[in-house]
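A.B. asks: Here you go, sequence then predicted model.
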There are 2 protein chains.
Amino acid sequence: MISREKHNRMANAIRFLSMDAVEKANSGHPGLPMGAADVATVLFTRYMNFDPKNPLWADRDRFVLSAGHGSMLLYSLLYLTGYDDITIDDLKEFRQLGSKTAGHPEYGHISGIETTTGPLGQGLANAVGMAIAERKLAEEFGPELQDHHTYVLAGDGCLMEGISQEAIALAGHLKLNKLIVFWDDNSITIDGAVSLSDSTDQIARFKAVNWNTIQVDGHDPDAIGAAIEAAQISDKPTLIACKTVIGFGAPNKQGSHKVHGSPLGADEIAAARKSLEWEAEAFSVPADVLDAWRLAGLRSTKVRKEWEERLAASPTEKRAEFIRRFAGDLPGSFDSTIDTFKKKLAENNPTVATRKASEDVLEVVNGLLPEVLGGSADLTPSNNTKTSQMKAITPTDFSGRYIHYGIREHGMAAAMNGIALHGGLIPYGGGFLIFSDYCRPSVRLAALMGIRVVHVWTHDSIGVGEDGPTHQPIEHLASLRAIPNLLLFRPADETETAECWQLALKEKKRPSGLALTRQNLTPVRKDYEEKNLCAYGAYDLISASDAKVTIFASGSEVEIAVKAAGQLNQKGVATRVVSVPCVELFMEQPDDYREAIIGTSPVKIAVEAAVREGWDALIGSDGIFIGMKSFGASAPGKDLYKHFGITAEAVVAAAEKRLPEAVPSRQQG
Amino acid sequence: MISREKHNRMANAIRFLSMDAVEKANSGHPGLPMGAADVATVLFTRYMNFDPKNPLWADRDRFVLSAGHGSMLLYSLLYLTGYDDITIDDLKEFRQLGSKTAGHPEYGHISGIETTTGPLGQGLANAVGMAIAERKLAEEFGPELQDHHTYVLAGDGCLMEGISQEAIALAGHLKLNKLIVFWDDNSITIDGAVSLSDSTDQIARFKAVNWNTIQVDGHDPDAIGAAIEAAQISDKPTLIACKTVIGFGAPNKQGSHKVHGSPLGADEIAAARKSLEWEAEAFSVPADVLDAWRLAGLRSTKVRKEWEERLAASPTEKRAEFIRRFAGDLPGSFDSTIDTFKKKLAENNPTVATRKASEDVLEVVNGLLPEVLGGSADLTPSNNTKTSQMKAITPTDFSGRYIHYGIREHGMAAAMNGIALHGGLIPYGGGFLIFSDYCRPSVRLAALMGIRVVHVWTHDSIGVGEDGPTHQPIEHLASLRAIPNLLLFRPADETETAECWQLALKEKKRPSGLALTRQNLTPVRKDYEEKNLCAYGAYDLISASDAKVTIFASGSEVEIAVKAAGQLNQKGVATRVVSVPCVELFMEQPDDYREAIIGTSPVKIAVEAAVREGWDALIGSDGIFIGMKSFGASAPGKDLYKHFGITAEAVVAAAEKRLPEAVPSRQQG
């Protein structure tokens, strides 16, 4: 047992490292690390199962600093407990170019950072995904291999953001009892007192969504410990409301918003030194304190070794599967399975909506890949995301593989991030493309972190039809393509859908979104082709030597391009069609491939039922764009395509207008 | 008093019109209108103050159908109560091209539609804004001119979306006791039972955020009436949980998700006809029932006339001000005030961040325009949104003009939409540009509706610095510009900031966002110019005849462009600089202006610390873009500009590389 005095000194080490780093960087947030140091110290010295020397141990407890601005709390903990990839020099380089210790914790910078946080509420919702993953894997591999907690430190900002409600409601519903959330209840936000903007009874709020709740003095180590122990045996997720003083230890500034997000200044740090009886110099931790912390870092070594023994003693197949799953590798037969599927497709060439095509592909994928965890934000029958293997997970039965996320796009996307980060599972989730707006912050974080989550975004254009402009994506393709490191796929038929799914699932380091149609599409890839042509991002669908016109299109507009090319070719105008299922992958191709695909036709046309933004890279700024310039309208989809002039006839007319000399008289056509 | 039998027949008129319209359209959502018909009938026949012949009466009660998919409920009500701009033929044209009766209610299509709904949770959050507006205007003009309720009908989807938590927490905090929300508690979502995905105790949840709650049988008119009366005297906002049967009256399908979103089919409608003892043909309302409804539509005539008498009797100045405010007109002195400000600016040319420049402008604007209602999502000291006039509104005192919205970007944006829709006020709200992602669905709806709200988005690039990539917008300028009908301003200095604010406030039919810097900027517009140059969207900042190089830039990168142009001109390379504060306004200029601004320089360069998407329209796809291709990083802002190569030197080097023959030897420079 750690004495109170020792505890205090250990917690103060966090406080001073945080003060020092913020001071040296001349920017950062000392308030949270100082206020939450006691909570973190109790958790990391007495309860957390983790091993700094084996940071990726699959059964470690996860710790998520949802209030990511308090990054120095996490960096201090990682340094103090002895992670190899963080040194005192890294703390001195806090917030400097190229340092591991970024302003907010960045996944991948240091092995103990479980997720990138900063945008508020995201970490809490990621943790819900981690807890889902743990419970699912425990169901699958048994508690001998998966049996850990997920801890979260959340601030008032996390709890005010709407995403938190989606996250806690889902966690409460699913009874994720290994999820334990510390709320750093310091009554302070950037504008001042929480009471300026909020009167929420958080305890009652969490109870209303089926959580266990405990309130403690966040500076009382024993009370914190008792709360954690009570939480660990709860059959519900637990909120531990920790009443804290923000900036605890800074005698003149603590308890006010002045300590939240700026350096304390040398005088106040000197005062804190006195007040906390801390004599060590800046960035220096007294040997006894560092030793105690390093010892805490060794606490779980035995538990980890026992776990490894259990893994080693597992049946060969189970062990291999567990290892494969956490390595994120697909089974060797994945490619051939997709290939077989493509061969079969070439035999019947179905006219289907790509959302249905996606279901067909998933039926094969889900049969092969037990690690795939599906779901939808309450659009299951529209997204076609629930295949025959996908029994629903329920609060009492995690043997299923499908999550009814509810009408919670944001919570779903963030939970998927958490599932992917946890390891062992590959999450996909369905929604309408229009509602990608609702979960955009989580999509962006997946891209920033470089993790494999797949969004199944159906109803991807005015083809939605009668639901009207509130449900018709116009700017979404462009705005998702603008996010770095995200692959947006827009397949044109079932073959392309299979190829795009293949790419999305093989892409270990990037999230993907599939934009899929509500409406049926004529197949454009009728012959079997071994190569995954979508991997090129754009490819020649209809070639023509010395083409006068090249039509680029994606998704549902490829059939329009094909039809237009047919008419133009019939009129004697040599016309190529380039299918563009993934702009991002195309941009990554070697220059010569890109140049060849873009080609030298005097007339270049792009067709996409969306805004032009981004297409100039393919057709040039003098190219012709057939698409949308305004919001959509409510009417049957086919009427809308005509109304907005996105038709083969419009493409032909535009081409003819641009190239009159190349076109024989219209009567001939 | 309406008898139960009469009530039933009146409610059944809604049910059958809804069934008929969905059936004829062969698409739509009959479940909600049928389930909520009793609630709506009680509200509209006994309590709502509204006048179909004077639909924009400023003191009418507002009714928001937050569950917008149930649009036929609203269309039925508007038709039945006698709005002039909706006929039975409009109902027959439900969901057809060009009809007023779109799939979801569209603001502007029919005068009784108070807001566009469909994306779930938005209407509820809009209503919070409407209730804020009512209370603020009541404070300002007295209860004799403003004293109305805001009613909302919300479904499970609205309450599951995270935005609902932000909205109800804000409403509860501000004690918006004239806000009354009916929850259509039908236990059904698209995937099936609500219990598939949710276990929330909604009553407890609302109580936790300081709401009054009442539970009733949603098919018992007297109970509904009693609940409304109790709600009207509450000192808190009220949730009336109405237990309903979705698709009430369809004997074989009611109570299941099958009635939610598809036509019932002729057989089931026939069965409903029997079950509800309804003999009228499709789209036909029995005369007694229509008469009763039309009478209900006349209920508030007297109240409305009395209100008009009170308005007429008001002191001239107050009456004129009230009328001006609801017309949305700015005072005649607005332009000259901005002009005076610009003149003063030209005298001292301050080097300031544009967020600070914005504060300076607002200090003037807020002094002149009492209708401006400011706020921030808990970033007041960072957004610089609180000027000297902006005392904070509190739960007990609405004499202020500033709202601490809390860490609730989405709730804030949707509330601002509601404030603008209500009329009488112009809302602006502050946030970090990165967090525009958190409120994008509401921003989009403002653009779709064409309403005047202004987003103050500060910290608009890697110039944010140390907070790192989670806080640095990269794709946000492009993705916001991709939204139709939204003006995104990115001013380069304080003069441009003043001009952009002037444009945003004068734009009655479009929302605006101002992207503003954290970091200081050198002024680029040093001389007073009477014209608002930003109104052109892009303009010649530095002219050069026969320019070899033209540099386009926005915001913080204009000073880089100016510096680069200086170096190039010194080297003998004639270089123009075009400032581009608003791409959208530029695209609307006449062709000849656009062509002149784009010009004919052989080298065109755009500089913006963001992704390239969209810039090709100005520089061509072969133009040079100096900007971002990846996420940012955590470091001081100046270091990041260097690191990512967004510097005057990089611009000069790129220009020289492209135009070697035009550049004298480097030694000369």
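C.D. replies: Structure's in. What do you need? As the structure is a computational prediction, the values presented were derived from the model and not from experiment.

A.B. asks: Report the buried residues of stretch A:600-609.
C.D. replies: If you call a residue buried by 16 or more other C-beta atoms under 10 Å in any protein chain shown, then stretch A:600-609 has these buried ones: A:S601, A:V603, A:K604, A:I605, A:A606, A:V607, A:E608, A:A609. Yep, even glycine has a C-beta here, placed from its N, CA and C like the rest.

A.B. asks: With secondary structure and distance to A:R299 as added columns, please give these in TSV.
C.D. replies: Formatted as TSV, the buried residues of stretch A:600-609 follow (DSSP: H, G, I helix; E, B strand; the rest coil; distance: C-beta to C-beta, whole Å):
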residue	secondary structure	distance to A:R299
A:S601	coil	67
A:V603	strand	70
A:K604	strand	64
A:I605	strand	65
A:A606	strand	59
A:V607	strand	61
A:E608	coil	56
A:A609	coil	58
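
A.B. asks: And the residues you listed, which is closest to chain B?
C.D. replies: A:K604 (10.0 Å; C-beta to the nearest C-beta).

A.B. asks: what residues does the stretch 151-300 of chain A put near chain B?
C.D. replies: Contact residues, the stretch 151-300 of chain A versus chain B (C-beta under 8 Å from any C-beta of the partner chain): A:156-157, A:160-166, A:169-170, A:172-173, A:189-192, A:196-205, A:207-210.

A.B. asks: wait, I meant the stretch 1-150 of chain A
C.D. replies: Checking the stretch 1-150 of chain A against chain B by C-beta under 8 Å from any C-beta, the hits are A:25, A:27-28, A:68-69, A:95-99, A:102-104, A:106, A:116-120.

A.B. asks: Please, where are all the helices along the stretch 301-450 of chain A?
C.D. replies: A:301-313, A:316-327, A:334-348, A:354-368, A:380-383, A:409-422, A:440-449 (DSSP state H, counting those that start in this stretch).

A.B. asks: out of the ones you listed, which comes closest to B:V259?
C.D. replies: Nearest of the helices of the stretch 301-450 of chain A to B:V259, taken as C-beta to C-beta: helix A:380-383 at 13.6 Å.

A.B. asks: Pull the distance from the closest one to the chain's centre.
C.D. replies: 21 Å (C-alpha atoms, centre = their mean, to the nearest Å).

A.B. asks: Can I get it in PDB, CA atoms only?
C.D. replies: Output of helix A:380-383 as PDB, limited to C-alpha atoms (Å, rounded to 0.1, in the frame of the first residue of the first chain):
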ATOM      1  CA  THR A 380     -30.200  -1.600 -41.300                       C
ATOM      2  CA  PRO A 381     -32.900  -2.300 -44.000                       C
ATOM      3  CA  SER A 382     -31.700   0.700 -46.000                       C
ATOM      4  CA  ASN A 383     -27.900   0.200 -45.700                       C
END
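
A.B. asks: Show me what it packs onto, helices and strands only.
C.D. replies: Judged by 3 or more C-beta pairs under 8 Å, 6 or more residues apart in numbering or on different chains; DSSP states H and E, the packing partners of helix A:380-383 are strand A:426-432, strand A:454-458.

A.B. asks: could you dump the ones you listed to CSV with distance to B:L362?
C.D. replies: Shown next, in CSV, are the helices and strands packed on helix A:380-383 (distance: least, C-beta to C-beta, whole Å):
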stretch, distance to B:L362
strand A:426-432, 38
strand A:454-458, 39
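
A.B. asks: Spit out the contact partners of A:L196.
C.D. replies: A:T189, B:A392, B:H404, B:G406 (C-beta atoms under 8 Å, 6 or more residues apart in numbering or on different chains).
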